[in-house]
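Engineer: here is a sequence together with a model predicted from it:
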Amino acid sequence: MRKDLVYTGRTLFGTMPSKGQEMDDHYFGIIQPRIASFMKDVDIELWKMGVTAKTEHNEVAPGQHELAVIYSEANVATDDNHLVMQTLKRVARKHGLKCLLHEKPFEGVNGSGKHDNWSLTTDDGINLLDPGKTPHENIQFLLILSCIVKAVDEHAGLLRESAADPGNDHRLGANEAPPAILSIFLGEQLEDVVEQLISTGDAKRSLKGERLSTGVSSLPDLYKDATDRNRTSPFAFTGNKFEFRMVGSQDSIAEPNVVLNTIVAEAFSDACDILEKADHFQLAVHDLIKKNFTEHERIIFNGDGYSDEWVKEAARRGLPNITCEVDAIPELVTEQTIRMYEKFHVFTRTELESRAEIKYENYAKTINIEAKAMINIASKRLIPAVVRYTTVLADSINAVRAAGVDEVSVQTELLQKTSTLLRESMNALRALSEVDGQANTMARGREQAKFCHDKVTPAMDALRRPIDELEQIVDKSLWPMPSYGDLLFEV
């Protein structure tokens, strides 16, 4: 392997520009061609396996990219998704790159997730979620839509659990990721149809896209779409499908799709029980659509999912706000969930209880690994580096004074600030080591996972705060790890 592609500890993604070399020259001359070559090889490797990768483009965050695969049946799409993740990592290594699938590696920077595009089709290819040009007249579509709204409202906690993992806990609700509160975005057109059905019992119109004037005589006016434009929604209708945006970037899409398929099957089953007994079918369908929308209207929300007002409004509506995986796991073993899964022969009670136990253990192990890595890095690399820097500052102060110059206020201020943060770091390190040790002595299960969330994770945050601040102060040549700038802007 070429030496300039080996991870040396200075940068994770490739080589840093040499002295006198401009960053732009480095990027366009070395990094960008490497990325282009990497993505070409990814396409070729995926196509060899029959995975129809089609769209790749840069995303919002530095070094963040998106890849899309053409839709297929749920089981095939799930297999393809795993193959894509494996291929990205494998091909990245060949190009001297690192493919990071963690959901939220950097605080304050956009995290990464998956958009699970979910739709329903008949065995002859008809999309049941296609509303047509006049959705208010499409009774079949409205019935199916109302059943989906009912399903998501009744099992919001379970759907949230399907996208729960430690990394995703940090991502949800932050920097263009959907919030942890489950809601459905329907868009202006469908929301208006639903409001008509609820308020009057009948829908007589469908909103059309508005005309947007460009203000430039040489350009035609544009039409504003009346469907999805809300990127903060966890579960959004996007024209002829729903997009479940909660799934984490390293997660399998299997569990979310199992949940979606089963909860909607239950809603369809409930609808069949009512309609099959109806004396007047058309009237019963109409009444059921209105009933479903009226009883489950609370799950529909077209506003800003990031706002504090929505958190309060969601609480008023009675919607669950499950902010961490530990609190989400119990949704697997509620009596409501067990009855549903057993009814459709998906999982038994024992299988669900086993899954909950495994998830608690995995959560605790993940936090334990992260805590131990943090303790090791801080104690063996970062704190010693800060000690060396304080020595450099102290030597500088003594040398300047020995030269007969009394003005050493800058060096003194830096030394005092660095020493204060160093003390905070040591105290935080001891506290983290103590709680991590306590966690390791506990029996596996919910209690240990809860302790890791409530005690270990805050202790990790407490250590990170002074260390992050020290990274901004300590001389780059003394800092033993890649900086945020190296990691974020090298690719």
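Structural biologist: Looks like it came in fine.

Engineer: contact partners for V408?
Structural biologist: If a contact means C-beta atoms under 8 Å, 6 or more residues apart in numbering, then V408 has 396-397, 400-401 as its contacts. Placement of C-beta: from N, CA and C, glycine included.

Engineer: an error on my part: the question was meant for S483.
Structural biologist: S483 makes contacts with 471, 476, as judged by C-beta under 8 Å, 6+ apart.

Engineer: look up phi and psi at it.
Structural biologist: phi -80, psi 170 (degrees, to the nearest 10).

Engineer: if I look at the closest residue to G318 other than its chain neighbours, how far off is V152?
Structural biologist: Leaving aside its chain neighbours, G318 sits nearest to R298 (6.7 Å; criterion: C-beta to C-beta, 6 or more residues apart in numbering). To V152, R298 is 11 Å away according to C-beta to C-beta, to the nearest Å.

Engineer: more neighbours: the two, which one.
Structural biologist: Set side by side, R298 and V152 show more neighbours around V152, with 26 against 16, by other C-beta atoms under 10 Å.

Engineer: pLDDT below threshold where in the stretch 301-450 of the chain?
Structural biologist: When residues are selected by pLDDT under 70, none of them lie in the stretch 301-450 of the chain.

Engineer: neighbours around P131, how many?
Structural biologist: Number of residues near P131 (other C-beta under 10 Å) recorded here: 23.

Engineer: my read is that it contacts L190, right?
Structural biologist: Yes. Using C-beta atoms under 8 Å, P131 is in contact with L190, at 7.1 Å.

Engineer: for the stretch 51-200 of the chain, what spans make up the strands?
Structural biologist: 53-58, 65-69, 116-118, 184-185 (DSSP state E, counting those that start in this stretch).

Engineer: just give me the lowest mean pLDDT stretch among the ones you listed.
Structural biologist: Here the lowest mean pLDDT among these goes to strand 53-58, at a mean of 78.

Engineer: sheet-wise, list the partners of that one with their directions.
Structural biologist: strand 65-69 (antiparallel) (DSSP bridges).

Engineer: surely the residue nearest to G318 touches P320?
Structural biologist: No. Contact criterion C-beta under 8 Å: R298 and P320 do not qualify, at 11.4 Å.

Engineer: for A449, find the nearest of the strands of the stretch 51-200 of the chain.
Structural biologist: strand 116-118 (25.3 Å; C-beta to C-beta).

Engineer: packing partners for that closest one?
Structural biologist: strand 242-244, helix 254-275 (3 or more C-beta pairs under 8 Å, 6 or more residues apart in numbering; DSSP states H and E).

Engineer: which outside residues touch the following helix or strand past the longest one?
Structural biologist: Sequence-wise, the next helix or strand beyond helix 254-275 is helix 281-295, with elements assigned using DSSP states H and E. With C-beta under 8 Å, 6+ apart as the contact definition, helix 281-295 has outside contacts at 139, 142-143, 146-147, 149-150, 194, 197-198, 201, 271, 274-275, 278.

Engineer: pretty sure P256 sits against D116.
Structural biologist: Yes. With contact defined as C-beta under 8 Å, P256 reaches D116; the gap is 5.4 Å.

Engineer: can you work out which residues contact both of the two?
Structural biologist: Common contact partners of P256 and D116 (C-beta under 8 Å, 6+ apart): 244, 247.

Engineer: higher neighbour count, the two?
Structural biologist: Neighbours per residue (other C-beta under 10 Å) separate P256 from D116, with D116 holding more: 24 against 21.

Engineer: which non-adjacent residue is nearest D43?
Structural biologist: D43 sits nearest to A53 (C-beta to C-beta, 6+ apart), 5.5 Å away.
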